[in-house]
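Engineer: No sequence on hand, only this structure:
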Ligand SMILES: [Zn+2]
């Protein structure tokens, strides 16, 4: 895919072991030859990447730099083996270095926090235990990488053909990093925005990757709205997304996502009205009876996003009783 006369960005669509299917890695055909994201830590992913590079007329040994957009296993899992096989330097937003150095540790922390969040918002303990069981062993798809060069928000990533701008825009995860080619009007966005559906907001424990200004829920939901507003103000022509097809006019798509978010909040408010104090889990069960059992954490998060928006608007009040959070119309 040509994005400018000087610099091409090529897509490598690599299978993952997860429900999401494939992940898009991006090869920035410049000096240094740069790969954005890695796939999961599987021998097959390493050989898939090597084959895809050969098809593009390049080799693993030519990759001089790896940039990681965020910590999720389908994007950063293979970072250690890929850096070792290529000899490339690894770059990630400041704060993500420690995570990558720790290998599976950060991922285990995320999984534990997901269970805590479910139970604190009213899911039965036994569901938390069941959910934990379905996630057990996934951290094996992580790897560790000790040497990582930290990138800063607003900084630049140098190339012979001109620098890319680095943006730290937490929302989907606390570490979400976006690379911008201002000349080409192109963004490389990881999982921050998608063409066909909203980017899920998946909190990490408070303080991971961003200030712990909301100890109950990590503050990521508010950050996700700020990131959508940032996209909405952008005049980029295209966003190269980490899954699925590229996003044409990401500014327009972000404006639609913000409106969809307000509509979802109205639906949550309608469920809450007249119901008396209730938990986010009960609301989620009512709104998504099947999804909430299949993917309880992923189904709960959009409800929390709506409740945070309603609480900020003064429409909903929240209180904690015996470790469980209750919501009611204010
Ligand atoms: Zn992700």
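Structural biologist: It's in. Please read all numbers here as calculations on a predicted model, not as lab measurements.

Engineer: quick one: residue 52 and residue 115, what's the gap?
Structural biologist: Going from residue 52 to residue 115 by Cβ to Cβ, to the nearest Å gives 36 Å. Using the backbone N, CA and C atoms, a C-beta is placed for each residue, glycine as well.

Engineer: With residue 160 instead?
Structural biologist: 47 Å.

Engineer: These two: which is more packed in?
Structural biologist: Taking neighbours as other Cβ atoms under 10 Å, residue 160 and residue 115 compare with residue 115 leading, 20 against 9.

Engineer: For that one, grab phi and psi.
Structural biologist: phi -70, psi -40 (degrees, to the nearest 10).

Engineer: Which residue is most remote from the mean position of the protein?
Structural biologist: Ranked by distance from the centre of the chain (Cα atoms, centre = their mean), the top residue is residue 274, with 35.0 Å.

Engineer: Return the distance of that residue relative to residue 294.
Structural biologist: According to Cβ to Cβ, residue 274 and residue 294 sit 28 Å apart.

Engineer: Tally up the residues packed near residue 50, please.
Structural biologist: 17.

Engineer: Which residue, other than its chain neighbours, is closest to residue 79?
Structural biologist: Leaving aside its sequence neighbours, residue 79 sits nearest to residue 145 (Cβ to Cβ, 6 or more residues apart in numbering; 4.6 Å).

Engineer: Neighbours of the one you found, how many?
Structural biologist: 24.

Engineer: same check, this time on residue 81
Structural biologist: 17.

Engineer: Which of the helices or strands spans it?
Structural biologist: helix 79-86 (DSSP states H and E).

Engineer: And the next helix or strand past that helix?
Structural biologist: Scanning onward from helix 79-86 (DSSP H and E), the first element met is strand 89-93.

Engineer: Show me what that next one is packed against.
Structural biologist: strand 65-67, helix 79-86, strand 149-151 (3 or more Cβ pairs under 8 Å, 6 or more residues apart in numbering; DSSP states H and E).

Engineer: Point out the most buried one among the ones you listed.
Structural biologist: Of all the helices and strands packed on strand 89-93, strand 65-67 carries the top mean neighbour count, a mean of 24, counting by mean count of other Cβ atoms under 10 Å.

Engineer: Parallel or antiparallel, which strands does that one pair with?
Structural biologist: Here strand 65-67 is paired, per DSSP bridges, with strand 34-36 (parallel), strand 89-93 (parallel).
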